[in-house]
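Engineer: What follows is a protein structure lacking sequence information:
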């Protein structure tokens, strides 16, 4: 987890949820996450609603990963973009398809509820 020093405490929820999100995605997809790590960045001044993602790196708005959001919302956001990154990079490196978008939304719903129950 990367962010400005003054907001790192509020990013704690996202940092604690990410391993549970990854484990639930791995269980649901019956395969391990294809990278050794996934780095999250709370990007100061970033205003777009869609996170920037690269293989093994996701950059979000600071407010999206902070404590100001509901835990379910944070889990859903992490699951959606992690599964989208995972399926997109395994199927097509160019752009998301409607199938991978639908799959990531489905997985995000399933995983967010599982993480909320923990």
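Structural biologist: Thanks, I have the structure now. This structure is a prediction, so every number in the text was calculated from the model and none was measured. Numbers count the residues shown, from 1 in each chain.
Engineer: Show me what the mean pLDDT comes to for stretch 79-90.
Structural biologist: Regarding stretch 79-90, the rounded mean pLDDT is 83.
Engineer: With stretch 67-75 instead?
Structural biologist: In this model, stretch 67-75 carries a mean pLDDT of 84.
Engineer: Can you give me the buried ones in that stretch?
Structural biologist: Going by neighbour count (16 or more other CB atoms under 10 Å), the buried part of stretch 67-75 is 69, 74, 75. Glycine gets a C-beta too; all of them are placed from N, C-alpha and C.
Engineer: That one: end-to-end distance?
Structural biologist: Between the opening and closing residues of stretch 67-75 lies a distance of 12 Å (CA to CA, to the nearest Å).
Engineer: residue ranges with poor pLDDT in this protein?
Structural biologist: For the chain, applying pLDDT under 70 flags the ranges 89-90, 92-96, 118.
Engineer: ok, residue 8 - contacts?
Structural biologist: residue 1 (CB atoms under 8 Å, 6 or more residues apart in numbering).
Engineer: Would you mind measuring from it to residue 67?
Structural biologist: Summarising the geometry, the distance separating residue 8 from residue 67, computed by CB to CB, to the nearest Å, is 11 Å.
Engineer: What of residue 39?
Structural biologist: For residue 39, the distance to residue 67 equals 20 Å [CB to CB].
Engineer: wouldn't residue 20 be in contact with residue 117 here?
Structural biologist: No: between residue 20 and residue 117 there is no contact, the gap being 10.2 Å when judged by CB atoms under 8 Å.
Engineer: Those two: which has the busier surroundings?
Structural biologist: residue 20 (17 against 6; other CB atoms under 10 Å).
Engineer: all strands for the protein, in order.
Structural biologist: With DSSP state E applied, the chain shows strands at 39-43, 52-54, 57-61, listed in chain order.
Engineer: Now the most centrally placed residue in the chain: closest residue in space, sequence neighbours ignored.
Structural biologist: Most central residue of the chain, judged by C-alpha distance to the mean C-alpha position with CA atoms, centre = their mean, is residue 78 at 2.3 Å. If the residues on either side of it in the chain are set aside, residue 78 comes closest to residue 21, at 4.8 Å by CB to CB, 6 or more residues apart in numbering.
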